[in-house]
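In: Coordinates only, no sequence provided:
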């Protein structure tokens, strides 16, 4: 059975190959290991292989994991990539380094107000519903510039860029289209005076398409940790 270390190496090879095709330096893409539904032991195994950045979808599960890994907290960077409800903003502001899934100004305002002054500003991305799916969270592309300007002005946040979870597509050309749309939206925002440097897009199935279109963070879970166990129903 392949180890987590060997799987990280394999995913890193995929990223490097895509960067080569795109004529990009490998260092321009960060691998975020999505550890949702996997325990602290799996995170420790990945850390031993040199992986330091981890993405979590569920706030309470993540908090339990962060507590279990308190002894190595200084080595880890924790990213919330799942939905965030208003009643969870305080614990997220206190425990995480990044939040990728901001889709309402109210959530951003609460995170800024509740981020402890002793910590560096919380790094954040706006989630964009780039494929226009009715079932997906995220801002409509037309809403993004106004939201970005408002979030960028909040004192305890640093707006880094945009995140999306595009609709699955079967071939590379179809996978590239929504990633290209997100990149072009980021470019328009920067052209309008915002200084954004992050495109959080691409997962196990479409990371090559995302890298070809400019992803700076790819969020990979299955290819590193394996198939996820069936999830119990969640209320958060």
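Out: Right, received. Where do you want to start? Please read these numbers as outputs of a predicted model, since none were measured by experiment.

In: Give the buried residues for stretch 94-108.
Out: Using 16 or more other C-beta atoms under 10 Å as the test for burial, stretch 94-108 gives 95, 96, 98, 99, 100, 101, 102, 103, 105, 107, 108. In short, each C-beta sits where N, CA and C put it, glycine included.

In: taking those one by one, which sit in helices?
Out: 95, 105, 107, 108 (DSSP state H).

In: Give the burial count for the nearest residue to the first one once chain neighbours are set aside, as a bare number.
Out: Nearest residue to residue 95 in three dimensions, chain neighbours excluded: residue 66, at 5.5 Å (C-beta to C-beta, 6 or more residues apart in numbering). Neighbours of residue 66 under the rule other C-beta atoms under 10 Å: 19.

In: go on, residue 69?
Out: Neighbours around residue 69, by other C-beta under 10 Å: 18.

In: can I assume it is in contact with residue 41?
Out: No. Applying C-beta atoms under 8 Å as the test, residue 69 and residue 41 come out as separate, 9.8 Å apart.

In: picking up where we left off before, out of the buried residues of stretch 94-108, which is nearest to residue 171?
Out: residue 100 (26.1 Å; C-beta to C-beta).

In: With residue 92 as the reference, measure out to the closest one.
Out: Taking C-beta to C-beta, to the nearest Å as the measure, residue 100 falls 11 Å from residue 92.

In: which residues do the two both contact?
Out: Here residue 100 and residue 92 have residue 80 as joint contacts, going by C-beta atoms under 8 Å, 6 or more residues apart in numbering.

In: Wait, a strand at residue 166?
Out: No. Using DSSP: H, G, I helix; E, B strand; the rest coil, the assignment for residue 166 is coil, not a strand.

In: That one: neighbour count?
Out: The number of residues near residue 166, taken as other C-beta under 10 Å, comes to 25.

In: got a pLDDT number for the closest residue to it other than its chain neighbours?
Out: What sits nearest to residue 166 in space, not counting adjacent residues and going by C-beta to C-beta, 6+ apart, is residue 178, at 3.6 Å. For residue 178, the pLDDT comes out at 97.

In: How about residue 151?
Out: 98.

In: For the helix or strand containing it, list every residue counted as buried.
Out: With elements taken from DSSP states H and E, the one containing residue 151 is helix 144-152. The neighbour-count check on helix 144-152 (16+ other C-beta under 10 Å) flags 144, 145, 147, 148, 151, 152 as buried.

In: what about the fifth one, distance to residue 131?
Out: Here the criterion is C-beta to C-beta. By it, residue 151 lies 22 Å from residue 131.

In: cool, and the third one?
Out: In this structure, residue 147 and residue 131 are separated by 18 Å, where distance is defined by C-beta to C-beta.

In: Contact partners for the closest residue to residue 158 other than its chain neighbours?
Out: Nearest residue to residue 158, sequence neighbours excluded (C-beta to C-beta, 6+ apart): residue 121, at 4.4 Å. Counting by C-beta under 8 Å, 6+ apart, residue 121 touches 115, 155, 156, 157, 158.

In: Nothing else from me, thank you.
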